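**Student:** okay, predicted coordinates and the sequence, questions at the end:
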Amino acid sequence: MTSLYHLNAEMQDLLNLAQDADEDFAAALADTVGAQSQMIDEKIEATMQVARSLEADAEACKAEAKRLNDRAKRLQGNADSCKQRAIEVMQASGKASIKRPLMTITLAKPRQVVSIADPDKVPEQYTRLIPASRQPVKADIQKALKAGNEVPGCTLEDGAPSLRIS
């Protein structure tokens, strides 16, 4: 089976021959060019079918990844709830440690954490400035350029070709 790349190269060779040939030879090549063009159309159609299949597989993978991520979050939440219940029961029963054949469970002393009631009162030496980043809004820039306005550092260019499949 000939690849789309090779079909394109063969078509270019045929077109180059037709340009350099006399009228009789160019007319004889016309049928071959037509057949080659038909083969290219069929190969592009088959390639788009493969692309659609791959896109569907990619979407299925994304959906499965989301499902697994959601499941992981639920499982982690359940694990956290189990640990919290165990802490509550150990505190209520006054047990600091439980020794079992497979594990030892110890109720650790709480660590100290900072609670900030009013962030504006915190001295500057205990803060850091995190500047907001500026990101260009391409849609707004495009509207301005199409309206004839100049936007420094920006121009309108032709994008990459795309395919519309219906």
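**Tutor:** Looks like it arrived, so ask away.

**Student:** which residue, other than its chain neighbours, is closest to residue 154?
**Tutor:** Among residues not flanking residue 154 along the chain, residue 141 sits closest, at 5.2 Å (C-beta to C-beta, 6 or more residues apart in numbering). Backbone N, C-alpha and C define where each C-beta goes, glycine included.

**Student:** contacts for the host helix or strand of that neighbour?
**Tutor:** Taking DSSP states H and E as the criterion, residue 141 maps to helix 138-146. Here helix 138-146 makes contact (C-beta atoms under 8 Å, 6 or more residues apart in numbering) with 151, 154-156.

**Student:** 10 Å - rerun?
**Tutor:** Contacting residues not belonging to helix 138-146 are listed as 137, 149-151, 153-156 [C-beta atoms under 10 Å, 6 or more residues apart in numbering].

**Student:** likewise stretch 108-123?
**Tutor:** Defining contact as C-beta under 10 Å, 6+ apart, one finds that stretch 108-123 is touched by 87, 96-97, 126-127.

**Student:** just put those in TSV and tack on pLDDT.
**Tutor:** Converted to TSV, the contacts of stretch 108-123 look like this (pLDDT from 0 to 100):
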residue	pLDDT
87	89
96	86
97	86
126	76
127	76
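
**Student:** which of the residues you listed ranks first by neighbour count?
**Tutor:** When neighbours are counted by other C-beta atoms under 10 Å, residue 87 leads these with 13 neighbours.

**Student:** right, and that residue touches residue 107 too?
**Tutor:** Yes - with contact defined as C-beta atoms under 10 Å, residue 87 counts as touching residue 107 (6.6 Å).

**Student:** now flag whichever of the contacts of helix 138-146 is closest to residue 37.
**Tutor:** Within the contacts of helix 138-146, distances to residue 37 taken as C-beta to C-beta reach their minimum at residue 156, with 32.9 Å.

**Student:** many thanks, we can stop here.
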